[in-house]
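Asks: no FASTA, just this:
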Ligand SMILES: [Zn+2]
């Protein structure tokens, strides 16, 4: 009989790509305060991974990345967020890098398909079990290490 984790890995297509996209998104957010061009580079790799593997980026992640320059939209740091209420209520996000305006309409009693409970089919649990593995679970601050490189694009 197969282990349950082996069955889950077989069912979830593109798990490795999802993990890579998750890592790239976290790296993009982490680097955005120091180097915005590197952060947009990570986000562009993220969208490239999703396109190549024909996977969808989660809507919260997709809404927090600028469509034009692909830099992460962090309210107060890399983007300005305003609530507009003229004809319809709108969340207006302005990217500080390329000044692109993103408008997301708000409707009462409207929820996205991904937020509705009937859209959820199955949850895959890929957490490491400390009883069976010999790996130490360490703090997330200790385990993440990102090295920044600056590229000279003019040569
Ligand atoms: Zn932008």
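Replies: Perfect, I can see it now. Bear in mind the structure is a predicted one, so any value in this text is a computation, not a measurement. Numbers count the residues shown, from 1 in each chain.

Asks: Up against the ion, what does this structure have?
Replies: 66, 68, 69, 95, 97, 98, 100 (Cβ under 5 Å from the ion). Glycine gets a C-beta too; all of them are placed from N, C-alpha and C.

Asks: Identify the residues contacting the first one.
Replies: Residue 66 makes contact with 40, 72, 73, 79, 95, 97, 98, 100, 102 under the criterion Cβ atoms under 8 Å, 6 or more residues apart in numbering.

Asks: Kindly give a single PyMOL line that selects the buried subset of the residues you listed.
Replies: The PyMOL command for the buried members of those (criterion: 16 or more other Cβ atoms under 10 Å) is given here:
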select buried, resi 40+72+73+79+95+97+100+102
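
Asks: Next step: the contacts of residue 66 restricted to strands.
Replies: 79, 95, 102 (DSSP state E).

Asks: beta partners for the second one?
Replies: Pointing back at residue 95 there. residue 79 (DSSP bridges).

Asks: tell me the contacts of it?
Replies: The contact partners of residue 95, taken as Cβ under 8 Å, 6+ apart, are 66, 68, 69, 71, 73, 78, 79, 101, 102.

Asks: what do you get for the first one?
Replies: Contact criterion Cβ under 8 Å, 6+ apart gives 66, 73, 93, 94, 95, 96 as the residues in contact with residue 79.
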